[in-house]
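1. sequence unknown, structure follows:
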């Protein structure tokens, strides 16, 4: 048994406690409800399906591929007049931005893990187009997806979101500083060097032609993965056609393995981190995607970030090497078919 130890995350300058023996403890706590595995291809009550009316009263077009609209309940609003408050330790500032919803498919029943790679390519292309558009006006563009009820998805229809803001949010700000510092000290990219160090394969899950998906050495969530391009790439907008096809294959393979782990639709939150816009020097940045799935022991038992995690530091119950090995051993044919 690997002894309890801490691992350093150079991307965020944080530590994570690894306690492998805790996977043997009994569990009598909360379990997640089983999600509907076979939803209909079209749901007349779904506000994301083609031609349906949303709560705002707007009607979706009869779209046949992807579809984007401004979130009817956006957390960010454009055009706010800049203002700030500074009163000792009390500080605040206005935050302008926008939020968009991106539907991956008109099919209500297609999670990305069930989509063909060619259809995933269309989603990647949409991420690129939307990021380029919003990057002309905002410093940060956050592409992300919450999949499954366990990660707060309010609708099972395959969709993600894009939030754009004037300010650089906390997590990408820390990644920006860490990568800039590493490039200054070593003259190279932090994640490019890290990927080269992972050639042994102990934590690699999928090794594609141009992309690698692996459980990072410093992973916090049980089956967390990071997807990194093999060539220098600063933003998602830089991905060319060949790289897009390779990425679609890696995403398809990775998400299929997730579902196959417990033979259940695997919940996760994912998001892309690339260089902020409006910066004169982005040479230190390497594009990457984070996948944070909460499930730990089964389809109904999840990892909770509470207590010690909230008050001290992140903690995980199985080693990244074990998690990667379990994912690698899974078949790439989806248990439910495709």
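-> Structure's in. What do you need? In this text the structure is predicted, and so the values were computed from the model without any measurement.

2. Run a quick neighbour tally on residue 6.
-> Here the number of neighbours of residue 6 (other Cβ atoms under 10 Å) works out to 12. From N, CA and C alone the C-beta is placed, and that goes for glycine too.

3. just checking, it touches residue 217?
-> No. Look at residue 6 against residue 217 with Cβ atoms under 8 Å: they stay out of range, at 11.7 Å.

4. Now do the helices in this structure.
-> Remark: helices assigned in the chain by DSSP state H are 117-135, 170-186, 190-197, 241-262, 308-311, 320-328.

5. Compute the inter-axis angle for the first one and helix 241-262.
-> Between helix 117-135 and helix 241-262, the angle comes out at 110 degrees (axes from the mean of the first three to the mean of the last three Cα atoms, to 10 degrees).

6. rewinding a little: could you dump the helices of the chain into a markdown table and include mean pLDDT?
-> A markdown table is the format used below for the helices of the chain (pLDDT from 0 to 100):
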| stretch | mean pLDDT |
| --- | --- |
| helix 117-135 | 98 |
| helix 170-186 | 98 |
| helix 190-197 | 98 |
| helix 241-262 | 97 |
| helix 308-311 | 93 |
| helix 320-328 | 96 |
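
7. Determine which stretch of the ones you listed is the most buried.
-> Ranked by mean neighbour count under mean count of other Cβ atoms under 10 Å, the helices of the chain are led by helix 241-262, which reaches a mean of 21.

8. and it, how far from the chain's centre?
-> Centroid displacement of helix 241-262 relative to its chain, using Cα atoms, centre = their mean, to the nearest Å, is 13 Å.

9. now swap in stretch 141-159 and tell me
-> Relative to its parent chain, stretch 141-159 has a centroid offset of 10 Å by Cα atoms, centre = their mean.

10. okay, residue 43: pLDDT?
-> For residue 43, the model assigns a pLDDT of 97.

11. show me where pLDDT drops low in the stretch 201-338 of the chain?
-> Residues of the stretch 201-338 of the chain meeting the criterion pLDDT under 70: 338.

12. can you rerun that using 90?
-> The stretch 201-338 of the chain contains residues with pLDDT under 90 at 201, 296-306, 336-338.

13. quick one: the strands in it?
-> For the stretch 201-338 of the chain, the strands defined by DSSP state E, counting those that start in this stretch cover 204-207, 211-214, 225-229, 268-273, 288-292, 314-316.

14. which residues touch residue 8?
-> 14, 15, 218 (Cβ atoms under 8 Å, 6 or more residues apart in numbering).

15. Quickly list what it is bridged to.
-> Beta bridges link residue 8 to residue 15 when assigned by DSSP bridges.

16. Give the closest residue to the residue sitting nearest the centre point of the chain in space, chain neighbours not counted.
-> Nearest to the geometric centre of the chain sits residue 270, at 1.3 Å (Cα atoms, centre = their mean). Distances taken as Cβ to Cβ, 6 or more residues apart in numbering place residue 291 nearest to residue 270, at 4.6 Å, with adjacent residues excluded.

17. Distance check, the one you found against residue 272.
-> Separation of residue 291 from residue 272 (Cβ to Cβ, to the nearest Å) stands at 11 Å.

18. Looking at the two, which is more packed in?
-> Taking other Cβ under 10 Å, residue 291 and residue 272 do not tie; residue 291 has more neighbours (24 against 21).

19. In contact with the more buried one, which residues?
-> Applying Cβ under 8 Å, 6+ apart, the residues near residue 291 are 224, 225, 226, 227, 254, 258, 268, 269, 270.

20. so it bridges to which residues?
-> Residue 291 forms beta bridges with residue 225, residue 270, as assigned by DSSP bridges.
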